[in-house]
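In: Give me a model of this one.
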Amino acid sequence: MAEAYIVDAVRTAGGRRNGKLAHWHPADLGGAVLDAIVLRTGVDPARIDDVVLGCVTQAGEQAFALARNAVLASGLPDSVPAVTVDRQCGSSQQAVQFAAQAVMSGTQDIVVAAGVESMTRVPMLSNATLHAREGLGVGPISDRIKARYGVENFSQFDGAEMLAARHDLDRETLDRFALLSHQRASRAQAAGAFAAEMIPLRVEIDGEDGLHEIDEGIRFDATLEAIGSVRTLREGGVITAANASQICDGASAALIVSESALKEHGLTPIARIHAMTVTAGDPVIMLEEPIHTTRKALDRAGMRIGDIDLYEVNEAFAPVPLAWLGAIGADPDRLNVNGGAIALGHPLGASGTKLLATLIHALRARKARYGLQTMCEAGGIANVTIVEAL
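Out: Purely as a prediction, here's the structure:
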């Protein structure tokens, strides 16, 4: 079977809501990572066959073919096509898998998979709430869907509470995991662990031009007491803003190429796509699907979880990686070793290629071989991508 190689994977530092990236238009943010991936790899931008870019809230500044607008905002020639993908939180992870599939099929040789989300400038769910405010339509969940599943709406917050209850995860356990996320991210930042994946962006800092290259969400002084003092989102629940992912602005990208492109363009890969899987299940609890996808991915790849050196399981809510750990029987010391979305932020459509960048560079830093990436997605879908570091 043909192979798909990753030549490089990069990301911006996460920006908090109304933080350092708030003045970046999302098209420009996407354009910045496209320029960075071209500069770092040395690939001829005119030879890029396609750009596949993930974005969740495709409204306002992220509407009207955001992927194409990111190309137009970059230094890439306007002959490079682009398409925007929405698989909710897994959008840019799916972009990677689409890019890999195109390369492995032989229909394309050089594809950029990317993602961007400005949750400051285009708030989450605004593509539905603004229509509702104007009385346009009844919303994305039709009466037929409501009748089938016995709900008025699908809620990730309800799903997180249900997941915690199903896997016997109490508030203190979730808060301790949140603290660990900040501690790991703090140590990683101090050790320069993100340097290989990070592209600095020019921003205004304290009234002067500066470089944004440190994730704004990391709480270097986080304590269990402070995390435990945050009120739950639901009365009697266990989910809080402190043990869930942070709203975040950011962008990320990876260059996916064929073996023939490596030789023709003199490119050196940093990883290889080893396996790809996507599955779907219960849309009500919705956040449990990474467990089922991981089992299927490992089975199809002929691997066991012990064969995997590092895992990136998106910390949308603390119960997600904790439930995954218990159900899969995975080693907690191999999970999100540089922190996760609770500390670093979850820029929705950009999170897939963001996690990929962190995973591959962490594998290479440790001289480890295999990494597995997964995340929960609205509608009860999940992707798993297994990579081999080179």
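
In: Pull up the gap between the residue lying farthest from the centre of the chain and residue 7, please.
Out: The outermost residue of the chain relative to its centre, with distances by CA atoms, centre = their mean, is residue 135 at 32.4 Å. Counting by CB to CB, to the nearest Å, the gap from residue 135 to residue 7 is 49 Å. The way it works is simple: take the backbone N, C-alpha and C, and place the C-beta from them, glycine included.

In: tell me which element residue 263 falls in.
Out: Per DSSP states H and E: residue 263 is located in helix 259-265.

In: so what does that helix touch, helix or strand wise?
Out: Applying 3 or more CB pairs under 8 Å, 6 or more residues apart in numbering; DSSP states H and E, we find helix 259-265 packed against strand 5-11.

In: on contacts alone, who are the packing partners of the strand it packs on?
Out: On a contact count with 3+ CB pairs under 8 Å, 6+ apart, strand 5-11 meets helix 26-41, strand 249-257, helix 259-265, strand 271-280, helix 351-365.

In: Tell me where the protein has strands.
Out: Along the chain, counting by DSSP state E, strands occupy 5-11, 50-54, 82-85, 110-118, 201-205, 208-212, 249-257, 271-280, 310-313, 370-377, 381-389.

In: winner for burial among the helices and strands packed on strand 5-11?
Out: strand 249-257 (a mean of 31; mean count of other CB atoms under 10 Å).

In: tell me the angle of it relative to strand 110-118?
Out: Here the directions of strand 249-257 and strand 110-118 differ by 170 degrees (axes from the mean of the first three to the mean of the last three CA atoms, to 10 degrees).

In: Now strand 249-257 - C-alpha only, PDB.
Out: Presented in PDB, the C-alpha positions along strand 249-257 are these (Å, rounded to 0.1, in the frame of the first residue of the first chain):
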ATOM      1  CA  ASP A 249      -7.800  31.200  19.300                       C
ATOM      2  CA  GLY A 250      -5.200  29.400  17.200                       C
ATOM      3  CA  ALA A 251      -4.100  27.700  14.000                       C
ATOM      4  CA  SER A 252      -2.000  24.700  13.000                       C
ATOM      5  CA  ALA A 253      -0.900  22.900   9.900                       C
ATOM      6  CA  ALA A 254       0.900  19.800   8.600                       C
ATOM      7  CA  LEU A 255       2.400  18.900   5.200                       C
ATOM      8  CA  ILE A 256       1.400  15.500   4.000                       C
ATOM      9  CA  VAL A 257       3.200  14.000   1.000                       C
END
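
In: Confirm for me that residue 23 is in contact with residue 205.
Out: No - contact criterion CB atoms under 8 Å: residue 23 and residue 205 do not qualify, at 11.5 Å.

In: out of those two, which sits in the busier spot?
Out: The residue with more neighbours, out of residue 23 and residue 205, is residue 23; 15 against 11, by other CB atoms under 10 Å.

In: any idea how far residue 224 is from the more buried one?
Out: Counting by CB to CB, the gap from residue 23 to residue 224 is 35 Å.

In: right, and the strands of the chain - which one's nearest residue 237?
Out: The closest of those to residue 237 is strand 370-377. By CB to CB, the value is 17.8 Å.

In: List the buried residues for that closest one?
Out: Residues of strand 370-377 classed as buried by neighbour count (16 or more other CB atoms under 10 Å): 370-377.

In: Same question for stretch 307-321.
Out: Of the residues in stretch 307-321, those with enough neighbours to count as buried (16+ other CB under 10 Å) are 308-321.

In: Identify the residues contacting the helix ranked longest in the chain?
Out: In the chain, taking DSSP state H as the definition, the longest helix is helix 171-191. For helix 171-191, the surrounding residues in contact (CB atoms under 8 Å, 6 or more residues apart in numbering) are 164, 193-194, 214-215, 218-220, 222-224, 227-228, 232, 238-240, 242-243, 315, 318-319, 321-322, 336-344.

In: residue ranges with poor pLDDT in this protein?
Out: Counting by pLDDT under 70, the chain shows no low-confidence range.

In: most centrally placed residue in it?
Out: residue 351 (1.6 Å).

In: Would you agree it is in contact with residue 89?
Out: Yes - applying CB under 8 Å, one finds residue 351 in contact with residue 89, separated by 6.0 Å.

In: what do these two both touch?
Out: 314, 375.

In: that older thread, out of the strands of the chain, which is closest to residue 98?
Out: Nearest to residue 98 among the strands of the chain is strand 50-54 (5.0 Å), distances taken as CB to CB.

In: centre of the chain versus the closest one, how much separation?
Out: Relative to its parent chain, strand 50-54 has a centroid offset of 14 Å by CA atoms, centre = their mean, to the nearest Å.
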